[in-house]
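Undergrad: Make a model of this:
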Amino acid sequence: MRAQSSVEVIIILTGLMLVLGIMLDAGGIRLSDTRTYADAEIARAGINGIASAADEVYSEGAGSERLVQLVLPATVVKGASFVDGNLLGVQIRGPRGPMDINAQSSAPLQGSLPDVAGEHTVRVRAVQGAVVIGKTSLSVEPTIVYAYMGKLGAAEGKITFTNTGAEPLTVSLALDWQNPGAGALLSTNSISLAPGESRTVDISFWSSEAPGTYAGSLEVDASNGEQFNLRVMADVLA
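TA: Sure thing, here's the model as predicted:
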């Protein structure tokens with residue numbers, strides 16, 4: 001009888017421990033979720049602030065700028081921060097996997113975002129046709145390439161790249177041009193820049209007999225993670 005009572009007590013205690021373990025595990029998940037939510041809100045406030053500042057300086061014109069505070073939590077994923085097109089964002093780790101914290105701007109964006117934990121002051125600066133995010137080591141001028149030519153004509157556009165940082169850069173270039181009425185060709189798809197060095201890349205244009213305005217883009221990817229997207233346009237005059 002005592003042995004049976006002892007077994008019953010052990011079964012009851014085991015059941016209580018199992019329930020307690022489940023409760024603690026669930027509580028731990030809820031605590032992790034709460035921390036992830038707090039991290040996400042901190043990062044989201046900064047990302048949204050940068051997007052809003054980009055809209056403001058873009059509407060004000062080239063030369064306008066803002067400084068925005070961005071606080072990244074310890075859970076930020078290194079190498080996942082990005083600026084691309086009209087989007088920017090960072091990524092944080094959570095108990096259920098990575099979480100993307102993104103924002104969209106009405107302005108064409110260039111540059112890069114920090115990807116390490118801590119407080120960052122991010123510069124948001126309007127240039128011709130775009131907004132540059134962050135402190136960049138690669139300067140690109142101009143940010144819009146125009147070409148004018150007549151029927152069966154030719155023209156050339158030039159882009160100057162300058163390494164304003166302290167480390168060497170390799171810059172990859174990809175021209176997206178899908179216009180049957182006019183052709184475009186890069187003089188090179190990659191350049192290397194020592195600190196302080198500038199190099200000019202040419203875009204050669206040629207036209208058919210079809211007048212009109214043709215548009216494309218030039219994707220610029222630097223070895224330090226900075227990205228630029230330049231507008232490329234050609235007018236074929238009637």
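
Undergrad: contacting residues for the most centrally placed residue in the chain?
TA: Closest residue to the average C-alpha location of the chain: residue 83 at 1.5 Å, with Cα atoms, centre = their mean. Shown in contact with residue 83 (Cβ atoms under 8 Å, 6 or more residues apart in numbering): 109, 110, 111, 112, 113, 133, 134, 227. The way it works is simple: take the backbone N, C-alpha and C, and place the C-beta from them, glycine included.

Undergrad: Now it: which helix or strand?
TA: Assigned by DSSP states H and E, residue 83 falls within strand 82-94.

Undergrad: how close does the residue nearest to the centre of the chain sit to residue 112?
TA: 6 Å (Cβ to Cβ, to the nearest Å).

Undergrad: who touches both of those two?
TA: Residues touching both residue 83 and residue 112 (Cβ under 8 Å, 6+ apart) are 133, 134, 227.

Undergrad: Scan those residues and report the most crowded one.
TA: In terms of neighbour count, residue 133 stands highest of those at 26 neighbours, by other Cβ atoms under 10 Å.

Undergrad: got a list of what the nearest residue to residue 221 once chain neighbours are set aside touches?
TA: The shortest distance from residue 221 to any non-neighbouring residue, by Cβ to Cβ, 6 or more residues apart in numbering, is to residue 172 (4.6 Å). Counting by Cβ under 8 Å, 6+ apart, residue 172 touches 189, 190, 220, 221, 222.

Undergrad: hmm, which of those are the buried ones?
TA: 220, 221, 222 (16 or more other Cβ atoms under 10 Å).

Undergrad: From the contact counts, what lies against whichever strand in the chain runs longest?
TA: Taking DSSP state E as the assignment, the strand of the chain that covers the most residues is strand 97-111. In terms of contacts (3 or more Cβ pairs under 8 Å, 6 or more residues apart in numbering; DSSP states H and E), strand 97-111 is packed against helix 2-60, strand 82-94, strand 130-133, strand 227-236.

Undergrad: quick one, the last one and strand 97-111 angle?
TA: Between the axes of strand 227-236 and strand 97-111, defined by axes from the mean of the first three to the mean of the last three Cα atoms, to 10 degrees, the angle is 50 degrees.

Undergrad: What average pLDDT does strand 227-236 get?
TA: In this model, strand 227-236 has an average pLDDT of 88.

Undergrad: starting at the chain centroid, how far to it?
TA: Computed by Cα atoms, centre = their mean, to the nearest Å, the chain-centroid distance of strand 227-236 equals 19 Å.

Undergrad: cool, and the second one?
TA: For strand 82-94, the distance from its own C-alpha centre to the chain's C-alpha centre is 6 Å (Cα atoms, centre = their mean).

Undergrad: List the buried residues for it?
TA: Using 16+ other Cβ under 10 Å as the test for burial, strand 82-94 gives 82, 83, 86, 88, 89, 90, 91, 92, 93, 94.

Undergrad: Nearest to residue 208, out of these: which one, please.
TA: Closest approach to residue 208 among the buried residues of strand 82-94 (Cβ to Cβ): residue 86, at 31.6 Å.

Undergrad: The closest one against residue 103, yeah?
TA: No - between residue 86 and residue 103 there is no contact under Cβ atoms under 8 Å: 9.5 Å.

Undergrad: Please identify every residue contacting each of the two.
TA: Overlap of the contact sets of residue 86 and residue 103 (by Cβ under 8 Å, 6+ apart) is empty.

Undergrad: which residues touch the nearest residue to residue 192 once chain neighbours are set aside?
TA: Nearest non-adjacent residue to residue 192, counting by Cβ to Cβ, 6+ apart: residue 170, 5.3 Å away. Counting by Cβ under 8 Å, 6+ apart, residue 170 makes contact with 190, 191, 192, 193, 222, 223.
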